[in-house]
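In: Turn this into a structure:
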Amino acid sequence: MTPARLAAAALLSLCAPHPAAADEAPGDCSGVDFNVAYPVAIAKIIADERQVHFVKSTVDDASCPAAAAACQHPAYLVPGDLVLIGKTHGDFTCVSYESPAARKPQWTNGWIETASMTPIRLAPAPARADWLGSWLHAAGHITIGPARHGAVIVRGEAFYAAAQNVHTGVIHATAEPAHGRLEFADDGGAPFDKVSDDKGLCLVRMQRVEKLLVVEDNGKCGGVLVMFTGFYRRK
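Out: Down below sits the predicted model:
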C-alpha cells in the first residue's frame, strides 16, 4: 500500500483477520472465518478502475453495504491485489487484505463489490519442491524442509507486539501435502480432517498461490493475538 492507502486502511485495519462473531449481522464484515472443513478462498482484484474502494458495513450505516456514495470507505484496493474472501451479502463479498509493504501485519477487513474480483484457481497438486524453503512474513517466518515418504517438516515462529511485551507462537509439525494443501493439527500426529476446532489444538492450513505461501490458522498456535495467518514470500 502507498502511504495514502495505509492511512485510509488504518480506519479498518486489525493485526490479523478477525473471525466473524457469532452474533455478527448479515451486513457486517469483521473478517474471514477459519473453517476446518473448507480452505479459505483467495481472489484477485480485476476491476477496470484504478481504485476499488471498500464499502461500509451495516454497523457503520444502516443503509450499507450498498453502491451508494455514502457507503464508500476511504480505504481501497487496486487491480492485482490478492484478498482472502468470506461470506457474501447482495453484490458484496467480505474480504481480508494484507498489505505487503507494511513492516508489521497490516490487515484491512471489509466489503468489496464481488464483480470487481475473480477467484484464484489453485494448482491441484503442487510438487513437494513447491513447498520447500524459507518463507517470510511481517509477523514471523516458516521453514519447510523434506521428510521421509513424501512428507515435509514445518517449523515456524510468529510474534505479536503487545503494549508491555511480545507474545509468541511456535509450530513444529510433520505432514504430507495432499489435494493441493498442507494441513496439520499440532505436531501433525492427529488427522487434520478428524479434529474439531473446539478441542484447543493448533490447526494450520497452507496453500500455494502464485509465488506466495498462503497460511491460515485457528488462532490457537501461540499467545494472545498471535496468528500465523497471512501471505508469506520465499526468502
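In: got the contact list for I42?
Out: Counting by C-beta atoms under 8 Å, 6 or more residues apart in numbering, I42 touches L82, V83, L84, I85, P119, I120, L122, Q207, V209, V214. Every C-beta, even on glycine, is put in place using the N, C-alpha and C of the backbone.
In: Same question for D81.
Out: By C-beta under 8 Å, 6+ apart, the residues touching D81 are K44, I45, Y97.
In: please redo it, this time with the cut-off set to 10 Å
Out: 1, 5, 43-46, 52, 95, 97-100, 112, 117 (C-beta atoms under 10 Å, 6 or more residues apart in numbering).
In: ditto for P126
Out: Taking C-beta under 10 Å, 6+ apart as the test, what P126 contacts is P177, G180, R181, L182, Q207, R208.
In: ok, now how distant is it from I153?
Out: P126 sits 17 Å away from I153, going by C-beta to C-beta, to the nearest Å.
In: again with A139
Out: 21 Å.
In: Tell me which of these two has more neighbours.
Out: A139 (22 against 16; other C-beta atoms under 10 Å).
In: That one is in contact with F228, isn't it?
Out: Yes: counting by C-beta atoms under 10 Å, A139 touches F228, with 7.6 Å between them.
In: Please name the residues that touch S134.
Out: Applying C-beta under 10 Å, 6+ apart, the residues near S134 are H141, I142, T143, I144, G145, R155, Y232, R233, R234, K235.
In: Relative to D186, which of the contacts of D81 is nearest.
Out: E98 (25.2 Å; C-beta to C-beta).
In: hang on, T88 is in a strand, isn't it?
Out: Yes: according to DSSP: H, G, I helix; E, B strand; the rest coil, T88 belongs to a strand.
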